[in-house]
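# Here's my sequence, what's the structure:
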Amino acid sequence: MVNQDAKTPRERYRAQVRTEIKERAWEQIATAGASALSLNAIAKQLGMSGPALYRYYAGRDELITELVRDAYRSLADTLRTVSSRPGADVRTLASTLRTWALEDPQRYFLIFGTPVPGYHAPDDITAIASEVMATILDAFAELPSSGTATAFDAHLEEHRDWADGHPAPAATLHRALAFWTRLHGTLSLELAGHFTGMGFDPARFYAAELDELTGSEADDGM
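Here you go, the predicted structure:
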């Protein structure tokens, strides 16, 4: 983190304006989605001209990258902090993931929802996303073996680049991948409102999915 006291007044002002631009961008995303993000509209809200705002962000993609980077950084740091606590395990990470998503659904959907048309994230975003997966893989590596190897386990032995060099065996990669995809699927449906009116508790369904993924059931349902 940059020491604010070490910045010049101009640098502090620039940082403040960039923060205000991001705040307005999140408001737009919450209203109309990331694909409708407009720097000119943000400039109008802030009482500046379009060209003036472009001195802070070169374009829409740079602003989206900043928002995506912030979101991934928040999730990566949150999961890493929780995983370092005594007694933390896969269930702890799952609970933390759901809490993080429910706190700010738009932030969640920006990185795990429908891609923004025409936008391509830079490589450093992938690196932060890999930190998230590494934390999950570390947690699964602490669990007992799941038993008989599957055909997909064998496939993963030859297709594990996504694990970014993690030494976990293929069976562990498989369990972590199932955790990541199934819980995200459940969360995405819940946050999009698809469970509304179905009459069951989404938190209990999430916990049930986790029970199946870990082969255990928590006393408190989570």
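
# what's the helix or strand of the chain with the lowest mean pLDDT packed up against?
Least confident helix or strand, the chain: helix 50-53 with a mean of 88, by mean pLDDT, DSSP states H and E. Helix 50-53 sits against helix 39-45, with contacts defined as 3 or more Cβ pairs under 8 Å, 6 or more residues apart in numbering; DSSP states H and E. C-betas here are computed from N, CA, C, even on glycine.

# average pLDDT across the helix it packs on?
The predicted model gives helix 39-45 an average pLDDT of 92.

# before we move on, the earlier item: give me the contact list for the least confident helix or strand of the chain.
Identification of contacts with helix 50-53 by Cβ atoms under 8 Å, 6 or more residues apart in numbering yields 21, 39-40, 42-43, 46.

# can you list those residues in a markdown table and add distance to Ile111 and neighbour count?
As requested, the contacts of helix 50-53 are arranged in a markdown table below (distance: Cβ to Cβ, whole Å; neighbours: other Cβ atoms under 10 Å):
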| residue | distance to Ile111 | neighbour count |
| --- | --- | --- |
| Ile21 | 19 | 20 |
| Leu39 | 20 | 21 |
| Asn40 | 25 | 13 |
| Ile42 | 20 | 23 |
| Ala43 | 25 | 19 |
| Leu46 | 25 | 16 |
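
# Val82: which of the residues you listed is nearest?
Nearest to Val82 among the contacts of helix 50-53: Ile21, at 30.3 Å, using Cβ to Cβ.

# quick one: secondary structure of the closest one?
The three-state label given to Ile21 by DSSP: H, G, I helix; E, B strand; the rest coil is helix.
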